[in-house]
Structures are given as structure tokens and as C-alpha cells.
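Enquirer: Provide a 3D model corresponding to the input given below.
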Amino acid sequence: MKKLLIIIVLLIIIFIGMYIYTNNKRNNQNVTIDEINKIEDYIEKIYMWKEVTQEALPCFEDINQASELWIWKVVEKNIDEYDEIKYEQISSKAKEIFGEELKKEMPKEGNEYFMYDQEEDKYYTNGIILDEKDDNFLLNKIQKMKDGYEVEIVEYIEDYSKNEEQVVIENTNEEEIHITSIDENETNRTQIVKDNIDRFNKKKVTLKKENENLVVKKVENV
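Expert: Alright, predicted model coming up:
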């Protein structure tokens, strides 16, 4: 009887261990290369330029609280046909990028970002003028959630304006972190950022899966 009791206890311990292992595995699934690529591609779509939108990626609790300047410039950045912009293109592109929770709609008569030509029934933009500083990010951590991901990104700037033979790597406070050759490949530059990661600003981007696409829900400072 005592031996049987020991066996039962051992079986219960094994069962509990298997349950905990399975549950932990389910809650911490590995993120595949394909998922990483999709996450990076999406954040690239919404990651702007500081000189255009004041912040490359602003913080917000809800997409409808985000800067309208940033929202419409993201839409503009992702429209391919600049000569034939129609209202439907702008609306569908906004929903595609930001999802069904986006309540902001551009008025038919246009706005300061998309100017409407009534005679031709087309929309025009005032274009984007960029400086010689590239706003960049790299993926630092990805936490897989039930309906999306929590992604920590590291923000950095590559400044090409100071010397035609060099690139200055800065943080978003424009503090110089490292100077590297213009010929240095991108992998080595990102490694410099990783090696000095505590000197760069980080943000947590909450992404949601929606109709096979990713949409941004929230952006926070870390």
C-alpha cells in the first residue's frame, strides 16, 4: 500500500511538471524568422523621420491619440502612386496600416497634408524634404502575445552631414556615440549600437494581429 501511494505521488508530480512545462512553452513560444521579418517590415512602414514628424515614432496609448501629422505622413510614405492619389486610396491605406480602430478620417476637401484639386479630383502632397540624418531602429526584444507582440526597439541616428568619409552614430538626444567609416556595413553599425545599448533610447511597441496584418496599438518609452 505504501509503495502504491509513493507511485501515485510520483505520477502526480510528473503530471504537474508536464503541465507547467507545456503551459510555459505555450506562453513563451519562439518567434520565427518569418515573424521577425514581418514585425521589422511593419515597424519600418510606420517609422518616420524626426525632421518631418518631430518624432520618428511618437508615444501614444491609443492610435487615435497619435499625432495627425505623423499619421498622415505615414500614409503618404506608403502610397506608391503620387500622381494619381484618390480619396479611397488614402482611406484604405490608413486602415491597412493602422487597422479598424483608427477613427480619424481625412475630410473630402483634404487637409494640410493632402491638398485637394477639385478640378482634377486628385490629392497632392507637399513632398518630404529630408536632412542628412537617417532615423533608424533595431529590434531588441520580442514577446509573443495571444493576439500580437510586444516589441522593444532601440532608436539611433546615422549622421552623414559632418564628414563625407564618416558616419556619426548618435542617440535621439543627438549625443555622439561612435564615429565609423562610410564603408562600414550595416551589420557592424548595428553591433556598435548593441555594444552601447544603455546609451540609446528604447520604446515598447505593442502590435496586434488583424486580418493577417499587423497594426500598432500603443507605443511607450522604456
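Enquirer: which residues touch stretch 200-216?
Expert: 38-39, 42-43, 46, 57, 59, 63, 96-101, 140, 147-156, 171-173, 177, 193, 217-222 (C-beta atoms under 8 Å, 6 or more residues apart in numbering). No exception for glycine: its C-beta is placed from N, CA and C like everyone else's.
Enquirer: my read: Y124 touches I90, true?
Expert: No - with contact defined as C-beta atoms under 8 Å, Y124 does not count as touching I90 (11.6 Å).
Enquirer: who has more neighbours out of these two?
Expert: A direct count of neighbours by other C-beta atoms under 10 Å for Y124 and I90 places I90 higher, at 21 against 14.
Enquirer: could I get the host helix or strand of that one in PDB with only the CA atoms?
Expert: Element membership of I90, judged by DSSP states H and E, is helix 87-98. C-alpha atoms of helix 87-98 as PDB (Å, rounded to 0.1, in the frame of the first residue of the first chain):
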ATOM      1  CA  TYR A  87      -9.600  59.700 -51.600                       C
ATOM      2  CA  GLU A  88     -10.200  55.900 -51.500                       C
ATOM      3  CA  GLN A  89      -6.500  55.200 -51.700                       C
ATOM      4  CA  ILE A  90      -5.800  57.500 -48.700                       C
ATOM      5  CA  SER A  91      -8.600  56.000 -46.600                       C
ATOM      6  CA  SER A  92      -7.800  52.300 -47.400                       C
ATOM      7  CA  LYS A  93      -4.100  52.800 -46.800                       C
ATOM      8  CA  ALA A  94      -4.800  54.400 -43.400                       C
ATOM      9  CA  LYS A  95      -7.000  51.400 -42.400                       C
ATOM     10  CA  GLU A  96      -4.500  48.900 -43.800                       C
ATOM     11  CA  ILE A  97      -1.600  50.400 -41.800                       C
ATOM     12  CA  PHE A  98      -3.400  51.400 -38.600                       C
END
